[in-house]
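A.B. asks: just coords:
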């Protein structure tokens, strides 16, 4: 029985892929698969058990009331979890018609069955969540990050300034106000990523390496790039080969001051992590 449900799910998705396009009202949800679930603090027996750290074990709409209640109580974990869920749902279609159109496009372009299944899964999980609710992801993740949640900071680090301003309703500001809001966001984003990195968050460190290598974090970019690479390879040795070529390239142009500052920064992070 252990492999029965995954097998049925795969079979149903293949049949759906090959079956002619159906009207929106004929969309049927995929069969649920059985998998071990990991209990986390921010759930209760009355609502979803959490797997993979943030996703509910049932569609998000069914767990919204419980999560919203915890958000109102300023539960930082719940604020992060709701923001992370809404971030996942941000790219899901808002209704059955749009979802069916997306599936038709995937069929017509010959996209992989994996993409088809992922799109189907995302829509079924996010069904009933409005666009206004989805747009809340940015402000919720920012709130959790500013409250000290390290993974929320890492998730904010993945959000472009353009998307953040769009989701928070600031994309129609006058030019000067828009430029200021954009810079304010980028400044906060970097500070939050650095705070998360000092807590040993690998995701935040990878984002900081990307920004530092791209010279997007000011005059100390070279030193910080070396420092973040050192810490990243110390915390996760499996990443050494992935970043080794970048480290060698940066070391060729680094000054003695860059190397000294990099050592200070890396030791500071490692001592706190």
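C.D. replies: Yep, that arrived. Values in this document were obtained by computation on a predicted structure and should not be read as measured data. Residues are numbered from 1 along each chain as shown.
A.B. asks: what about residue 224, how many neighbours?
C.D. replies: Residue 224 has 24 neighbours, counted by other Cβ atoms under 10 Å. The C-beta positions use only the backbone N, C-alpha and C, and glycine is treated the same way.
A.B. asks: so it makes contact with residue 265?
C.D. replies: Yes - counting by Cβ atoms under 8 Å, residue 265 is a contact partner of residue 224 at 6.3 Å.
A.B. asks: Check the gap between residue 255 and residue 226 for me.
C.D. replies: From residue 255 across to residue 226, the span is 11 Å (Cβ to Cβ, to the nearest Å).
A.B. asks: Which one's more surrounded, those two?
C.D. replies: residue 226 (25 against 10).
A.B. asks: For the most centrally placed residue in the chain, which residues are in contact?
C.D. replies: The chain has residue 155 as the residue nearest its centroid, 4.6 Å off, counting by Cα atoms, centre = their mean. Residue 155 is in contact with 80, 83, 84, 87, 141, 145, counting by Cβ atoms under 8 Å, 6 or more residues apart in numbering.
A.B. asks: Try it again at 7 Å.
C.D. replies: 84, 87, 141 (Cβ atoms under 7 Å, 6 or more residues apart in numbering).
A.B. asks: Could you do residue 197 as well?
C.D. replies: 204, 205, 208, 228, 269.
A.B. asks: Excluding chain neighbours, what is closest to the first one?
C.D. replies: Right, the one you point to is residue 204. Of all residues not flanking residue 204 in the chain, residue 196 sits nearest, at 3.6 Å (Cβ to Cβ, 6 or more residues apart in numbering).
A.B. asks: got the buried residues for the helix or strand containing that neighbour?
C.D. replies: Per DSSP states H and E: residue 196 is located in helix 175-198. By neighbour count on 16 or more other Cβ atoms under 10 Å, the buried set for helix 175-198 is 181-182, 185-186, 188-190, 192-198.
A.B. asks: can you check stretch 126-135 too?
C.D. replies: For stretch 126-135, by 16+ other Cβ under 10 Å, it's 126, 127, 129, 133, 134.
A.B. asks: give me every residue that touches the fourth one.
C.D. replies: It stands for residue 133. Going by Cβ under 7 Å, 6+ apart, residue 133 touches residue 86.
A.B. asks: Tell me which helix or strand comes right after the helix or strand in which it is found.
C.D. replies: Using DSSP H and E, residue 133 sits within helix 131-134. Under the assignment DSSP H and E, the closest C-terminal helix or strand after helix 131-134 is helix 137-146.
A.B. asks: Counting by contacts, list what that following helix packs against.
C.D. replies: Other elements packing on helix 137-146 under the criterion 3 or more Cβ pairs under 7 Å, 6 or more residues apart in numbering; DSSP states H and E are helix 76-89, helix 150-156, helix 161-167.
A.B. asks: hmm, 8 Å instead?
C.D. replies: Counting contacts by 3 or more Cβ pairs under 8 Å, 6 or more residues apart in numbering; DSSP states H and E, helix 137-146 packs against helix 76-89, helix 150-156, helix 161-167, helix 175-198.
A.B. asks: Nearest to residue 54, out of the ones you listed?
C.D. replies: Nearest to residue 54 among the helices and strands packed on helix 137-146 is helix 76-89 (4.2 Å), distances taken as Cβ to Cβ.
A.B. asks: what is the mean pLDDT for that closest one?
C.D. replies: Helix 76-89 shows a mean pLDDT of 96 in the predicted model.
A.B. asks: ok, back up a step: give me the lowest-pLDDT entry from the buried residues of helix 175-198.
C.D. replies: Scoring the buried residues of helix 175-198 by pLDDT puts residue 198 last, at 89.
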